[in-house]
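A.B. asks: Build me a structure from this.
(4 chains)
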There are 2 protein chains.
Amino acid sequence: MRQGEYELLWGGQARPGRGRPPGLSRERIVAEAVAIADAGGLAKVSMKHLAERLGSGVMSLYRHVPGKDELVVLMYDSLMAGPLPMPESDHWREVLRGWGLGIRELFLAHPWALNVATSDRSMGPNEATWVDGVIGRLAAVGLPVDLGLLAVLTVDCFAMGGVWPEIGGAESGEAFFRFLGDPAARERFPHLARVADPAFTPDAPLENHFEFGLERILDGLERRIEAKD
Amino acid sequence: MRQGEYELLWGGQARPGRGRPPGLSRERIVAEAVAIADAGGLAKVSMKHLAERLGSGVMSLYRHVPGKDELVVLMYDSLMAGPLPMPESDHWREVLRGWGLGIRELFLAHPWALNVATSDRSMGPNEATWVDGVIGRLAAVGLPVDLGLLAVLTVDCFAMGGVWPEIGGAESGEAFFRFLGDPAARERFPHLARVADPAFTPDAPLENHFEFGLERILDGLERRIEAKD
DNA sequence: CAACTTTGCGTATGAAGTACGCTAATTAGC
DNA sequence: GCTAATTAGCGTACTTCATACGCAAAGTTG
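C.D. replies: Predicted coordinates for the structure are as follows:
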């Protein structure tokens, strides 16, 4: 993690009335950067490109954001500025399922965020609000906080890893298993070949692995919770 | 994914006898790059630095590797050149647990690999060998291939996400939850505060979340497998 | 209106990846 | 052996980025 990242995320932005009023704002910069990344990936977010989009000079950005790495962290935390993904249900299982599916949607909508999430960083205020929120909700419907913390972490971790094969859509999935197009490869990897087997997939398609994994995790948690009773 | 990445990973390296014999080799370049990344992170791997370490000119590297992005993909696949993490046991649960813990060890030993793993890429031959190997092993001990494929994918996904909080060691973990040092933050996020509660953590420390999550997944799979019988 | 404060931003610097083309080293064929 | 073909090594130059620095612009306070 970069030095200063913590202050950046958690430090207050005291804004004295004196001096020239800002034309730019951190919020606008971050929002525009997110829009660029959503459209073309993190690689498309350069200070130059960003400044052009905002109609400002490149160096003006540095009055509002310490540097690019810090900007990326702010971008990530800004994704969780809205309300938590939280179903109405009063059952812990539904709450956790909704949470997991919500995280998945987040990453599917902002594929670049996965690489940020899995980098070395500190938790931002919005993310903290989300996580604290689910744990609290789980506690409210009867799941002890300790267990809730671990359960949320488990679902979170799975969701981060689990969306990865889904990111990029169909073309990407094909690229990942592209080598299975070669008969020699299918012979070399007979079990993996199942993925590419046309006689198998359409008739009895593999379950979606994300939903499969999530349900397995919920099942596993259920066993643990029942055992505690 | 970059164009040409597929050919890079899966294409043969026909080496005709004619011409000047190579002093460098792809293997040596990749191995040295991995060593640099292990020691100082991916950011330390620059073509210049790498060439210096190998005692060659910068542009010589491009005779063996198309570019830096491709080099990183080769680095990642090279991590799985060795034998699979595979316990002796004949029970699917032990096999899967060993697999999950093995993946975890891999990422802990090579923290930079997590960001590569979660990027858009194609599967390399070594990785394919590993994955095909576990599925085959699971099939050999009685788990149907379809279920094995999903199970491995689930454990894999969880492992990728699950090692993330562990990467970087204690200092990093503290940095991630650093905001909890502020009493105001602990009041704002009462449930998360539990993580930083000294009266709670030492006496009854939270279970390791990786092992917790892995066991929950295995429990969930067990329920599913028993239901099928 | 003068002193002060804060923002906007042009210029310059340095690091990184890599296209191009020349040179060196080796083999294949005569 | 000699020559042509082939392949590797690599210096130079160019591009793209992030960003340090310093000054000008636009406000506020007294």
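
A.B. asks: Show me which helix or strand of chain A is least confident by mean pLDDT.
C.D. replies: Between all helices and strands in chain A, the lowest mean by mean pLDDT, DSSP states H and E belongs to helix A:169-176, at a mean of 58.

A.B. asks: quick check: mean pLDDT across whatever helix or strand comes next after it?
C.D. replies: Sequence-wise, the next helix or strand downstream of helix A:169-176 (DSSP states H and E) is helix A:183-188. Average pLDDT, helix A:183-188: 87.

A.B. asks: From A:Ala184, how far off is the residue nearest the centre of chain A?
C.D. replies: Nearest residue to the geometric centre of chain A (C-alpha atoms, centre = their mean): A:Phe107, 4.2 Å. As judged by C-beta to C-beta, to the nearest Å, A:Phe107 and A:Ala184 stand 35 Å apart. The way it works is simple: take the backbone N, C-alpha and C, and place the C-beta from them, glycine included.

A.B. asks: same thing with A:His91?
C.D. replies: A:His91 is 50 Å from A:Ala184, where distance means C-beta to C-beta.

A.B. asks: of those two, who's got more company?
C.D. replies: Legend: neighbour count by other C-beta atoms under 10 Å in any protein chain shown for A:His91 and A:Ala184, higher for A:His91 (12 against 8).

A.B. asks: Run a quick neighbour tally on the closest residue in space to the more buried one that isn't next to it in sequence.
C.D. replies: Closest residue to A:His91 apart from its sequence neighbours, by C-beta to C-beta, 6 or more residues apart in numbering or on different chains: A:Val141 at 6.6 Å. By other C-beta under 10 Å, 14 other residues sit near A:Val141.

A.B. asks: A:Val30 too?
C.D. replies: A count of nearby residues for A:Val30, using other C-beta under 10 Å, gives 23.

A.B. asks: Give me the buried positions along the helix or strand that contains it.
C.D. replies: In the assignment (DSSP H and E), A:Val30 maps to helix A:26-40. For helix A:26-40, burial by neighbour count (16 or more other C-beta atoms under 10 Å in any protein chain shown) applies to A:26, A:29-30, A:32-34, A:36-38.

A.B. asks: Tell me the helix or strand right after it.
C.D. replies: Later in the chain than helix A:26-40, the nearest helix or strand by DSSP H and E is helix A:47-54.

A.B. asks: The helix holding A:Val30 close to DNA strand C?
C.D. replies: No: figure legend: helix A:26-40 not in contact with DNA strand C (C-beta under 7 Å from any atom of the strand); closest approach 9.5 Å.

A.B. asks: so what's the residue nearest to A:Pro85 when sequence neighbours are not counted up against?
C.D. replies: Using C-beta to C-beta, 6+ apart and skipping residues adjacent in sequence, the residue nearest A:Pro85 is A:Gly102, 2.1 Å away. Residues in contact with A:Gly102, defined by C-beta atoms under 8 Å, 6 or more residues apart in numbering or on different chains, are A:84-86.
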